[in-house]
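A.B. asks: need the 3D shape of this:
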Amino acid sequence: MNTALVLAMSFFCASRAFPQDSPVVDSAALHQSRVITEVDVVPGDVVPPWWEEAVHTRRRLSRWTYAMLNALHIKTKPHVVERELLFAVGDTLRQKSLDESERNLRAYSFINEATIEAYPADSNGVRVLVRTSDNFSLAAGWILESGGGSDRIGALVTEKNLLGFGKEIAAQYERERNRSRGTTETEWLFQYKDPRLIGSRFALQVSASRAYLGNEFMTALARPFTTTRTRNAGGVEFYHFTGRMRLWRDKVPVAELPVTTTDTYAWVAHAWGEASKRTKLQAALRLRNTRHTDTPLLFATWLPRDTIRVSRVAYEPSFTISRQWTSAFHKLRNLDDYDTVEDVESGTNIGLTTGFGLPSQPTHNPYGLAGAFAEWCAVRGEHVTAARLQVSTRLADDQGSGRSSWSNREVAAYLHHYYTGLPWQTFALNVNWRSGERMDGPYQLVLGGDRGLRGYSANAFEGNRRIVLNAEDRIFSPVRVLVYRLGFVVFADAGYVWQPDRRVDPRDIRANIGAGFRVYNNRAATGRVSRLDIAWNVRGQRGFMISGGSEQLFDLFNRRPTPTR
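C.D. replies: The predicted structure follows:
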């Protein structure tokens, strides 16, 4: 059976599956007695038959390529989609349940589209049609680097939807040979994520890695607030690291400080109130064990002045109370992921944390814990704004360290604004602040390269306080080749990093301007946006820098693991 016949049959079957001539039901206009009498779940491939491009293209090569993409992909199992639905046969039809089920499905990276619609079934009932399409969940790559007296070679693979069951697995291996020292180091990483352990609402995550700077292991089991109606949540986490922390100066490493960290964290939470106004109370217990041992390995006779190395073992019970106001949920496009639907929740969320620490060493006094956070998002027409501020500190009297008040104060904040009113483009603005003062352990922030300043070398500047400003005009061209779209960007970056005891000098602010290319894969589960940027620095030493990577340099809610956070 040839490919054209297979596609024709799939399109015919798909057309029979959907009631094209039946009107979609507006559940808000229905009487409360209308109940759901039938639920049809139709998971789709990477390129489903109802996708607009697949329907209208007449090119044989495109159809053959789409068929190959589907053949190389294992489609999501129907029960993976069904378990995210917040309604069942016999329930009263409510639009909120349909909308929230859509958001639950789109939250998975391996699902591209999720639409849930209701159609008349009989005089007293409705039929609900759940239709999804997949992202291509398998990603592989290689690592080939040479420079600075060393060679690196490696490979990585990630599967976001293992065998169609919604599990995630990732592995990476690297081998580095240092020609100057005559040494060879191997690094590896393994990660497994199960968002629905044994079909339950518990999420499991396990990761382990071995790298030149140390060995790391992490595992977490949690039952989060999965919907706006979830009342209880909880979890436990365990993290262990043994290795060295590297410090930088003038783009080169100057020290490696040995450290062993073990962190065990357990929490429970309860929520009150309606979906639009919720109060949450969380109780947590953390066991912190940080030990600084041995003599630092120095590459130069320099260390930051605030590099205090205080070993600490302590129990930290804490309580967090928060209040959340949800204004609305929005389905937007062309923010960070081009034409893919991006769910944005507008509203405000504020919270306060208080607690205390009980050190195991009698020479260390008990100390207080304090923190606060505030989140805000607003969508007004073509303007989308999101902001977050988080402050935490430990009120300690550390014997032998000369401190008699607060310590370990960390502040992190960002403000993002997007304007989508221009044709074929989005203007995006990022302001990002981070600082740490009077820290128990070494604390360093670097700036340069993909860490906010694309016109300068990586790790070119260092300090304990950092501010970064980025402005991008993201241009979405109509050029599309199969599942890829071409885009462009014009950008400007500015940043400053300094020590707390140093006077702020505006003349030290670094800035660059530039332009770049974007290639977007609208059917990928990870690495959807590939970028290549060319930047010209306008402060300090003049010159060009070329950088590239996956994903945007920043995104609306700082959720992706980009180097800027």
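A.B. asks: tell me which element the nearest residue to residue 215 once chain neighbours are set aside is part of?
C.D. replies: Distances taken as C-beta to C-beta, 6 or more residues apart in numbering place residue 242 nearest to residue 215, at 5.4 Å, with adjacent residues excluded. All C-beta atoms are positioned from the backbone trio N, CA, C, and that covers glycine. Secondary-structure assignment from DSSP states H and E places residue 242 in strand 232-249.
A.B. asks: what's the average pLDDT for that strand?
C.D. replies: Average pLDDT, strand 232-249: 92.
A.B. asks: other SSEs contacting it?
C.D. replies: Where contact means 3 or more C-beta pairs under 8 Å, 6 or more residues apart in numbering; DSSP states H and E, strand 232-249 is packed against strand 214-223, strand 252-273, strand 461-463.
A.B. asks: in the first one, what counts as buried?
C.D. replies: Residues of strand 214-223 classed as buried by neighbour count (16 or more other C-beta atoms under 10 Å): 214, 216, 218, 220, 221, 222, 223.
A.B. asks: hang on, the last one packs against residue 233?
C.D. replies: Spelled out, it's residue 223. Yes: shown here, residue 223 and residue 233 form a contact pair, counting by C-beta atoms under 8 Å, at 5.7 Å.
A.B. asks: reformat the buried residues of strand 214-223 as CSV; add distance to residue 63 and pLDDT.
C.D. replies: Shown next, in CSV, are the buried residues of strand 214-223 (distance: C-beta to C-beta, whole Å; pLDDT from 0 to 100):
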residue, distance to residue 63, pLDDT
214, 50, 92
216, 46, 95
218, 44, 97
220, 44, 97
221, 45, 97
222, 43, 97
223, 44, 95
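A.B. asks: could you dump the residues you listed into a markdown table and include distance to residue 533?
C.D. replies: Output for the buried residues of strand 214-223, formatted as a markdown table (distance: C-beta to C-beta, whole Å):
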| residue | distance to residue 533 |
| --- | --- |
| 214 | 31 |
| 216 | 30 |
| 218 | 32 |
| 220 | 34 |
| 221 | 40 |
| 222 | 37 |
| 223 | 41 |
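A.B. asks: domain ranges for this protein, per the record?
C.D. replies: Following automatic domain parsing, one gets these domains for the chain: 3-134, 213-550.
A.B. asks: now do the same contact list for residue 275.
C.D. replies: For residue 275, the contacting residues are 96, 228, 229, 326, by C-beta atoms under 8 Å, 6 or more residues apart in numbering.
A.B. asks: try 6 Å
C.D. replies: residue 228 (C-beta atoms under 6 Å, 6 or more residues apart in numbering).
A.B. asks: look up how far residue 100 lies from the spatially closest residue to residue 122 that is not a sequence neighbour.
C.D. replies: The spatial neighbour of residue 122 that comes closest, neighbours along the chain excluded (C-beta to C-beta, 6+ apart), is residue 37 at 6.9 Å. Look at residue 37 and residue 100: by C-beta to C-beta, to the nearest Å, they are 21 Å apart.
A.B. asks: of these two, which one has the most company?
C.D. replies: More crowded of residue 37 and residue 100, by other C-beta atoms under 10 Å: residue 100, with 22 against 15.
A.B. asks: list the buried residues in the helix or strand containing the more buried one.
C.D. replies: Using DSSP H and E, residue 100 sits in helix 95-106. In terms of neighbour count (16+ other C-beta under 10 Å), helix 95-106 has its buried residues at 97, 98, 99, 100, 101, 102, 103, 104, 105, 106.
A.B. asks: which residues are contacting the helix or strand hosting the residue nearest to residue 122?
C.D. replies: If you go by DSSP H and E, residue 37 is part of strand 35-43. Here strand 35-43 makes contact (C-beta under 6 Å, 6+ apart) with 17, 75-76, 78, 81-82, 89, 91-93, 121, 125-132.
A.B. asks: please save the CA atoms from that strand in PDB.
C.D. replies: Output of strand 35-43 as PDB, limited to C-alpha atoms (Å, rounded to 0.1, in the frame of the first residue of the first chain):
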ATOM      1  CA  VAL A  35     -25.100  16.100  31.000                       C
ATOM      2  CA  ILE A  36     -22.200  14.500  29.200                       C
ATOM      3  CA  THR A  37     -23.400  11.300  27.600                       C
ATOM      4  CA  GLU A  38     -20.300  10.400  25.600                       C
ATOM      5  CA  VAL A  39     -16.600  11.300  25.600                       C
ATOM      6  CA  ASP A  40     -14.500  10.600  22.500                       C
ATOM      7  CA  VAL A  41     -10.700  10.900  22.900                       C
ATOM      8  CA  VAL A  42      -8.800  11.100  19.600                       C
ATOM      9  CA  PRO A  43      -5.000  11.400  20.000                       C
END
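A.B. asks: residues in contact with residue 529?
C.D. replies: Contacts of residue 529 (C-beta under 6 Å, 6+ apart): 518, 520, 551, 552.
A.B. asks: how about 10 Å then?
C.D. replies: By C-beta atoms under 10 Å, 6 or more residues apart in numbering, the residues touching residue 529 are 336-338, 474, 485, 487, 518-521, 549-553, 555, 560.
A.B. asks: for residue 116, same thing?
C.D. replies: So residue 116 contacts 39, 41, 85-87, 95, 97-102, 105, 128-132 (C-beta under 10 Å, 6+ apart).
A.B. asks: just to revisit the earlier point, now, among the buried residues of strand 214-223, which is nearest to residue 384?
C.D. replies: residue 222 (29.2 Å; C-beta to C-beta).
A.B. asks: residue 200 versus the closest one, what's the distance?
C.D. replies: According to C-beta to C-beta, residue 222 stands 11 Å off from residue 200.
A.B. asks: please apply the same query to residue 319.
C.D. replies: 27 Å.
A.B. asks: so where's the stretch 251-400 of the chain shaky on pLDDT?
C.D. replies: When residues are selected by pLDDT under 70, those of the stretch 251-400 of the chain lie in 301-308, 362-363, 396-400.
A.B. asks: I'd say the residue nearest to residue 215 and residue 289 touch.
C.D. replies: No: the pair residue 242 / residue 289 is not scored as a contact, 11.5 Å apart, by C-beta atoms under 10 Å.
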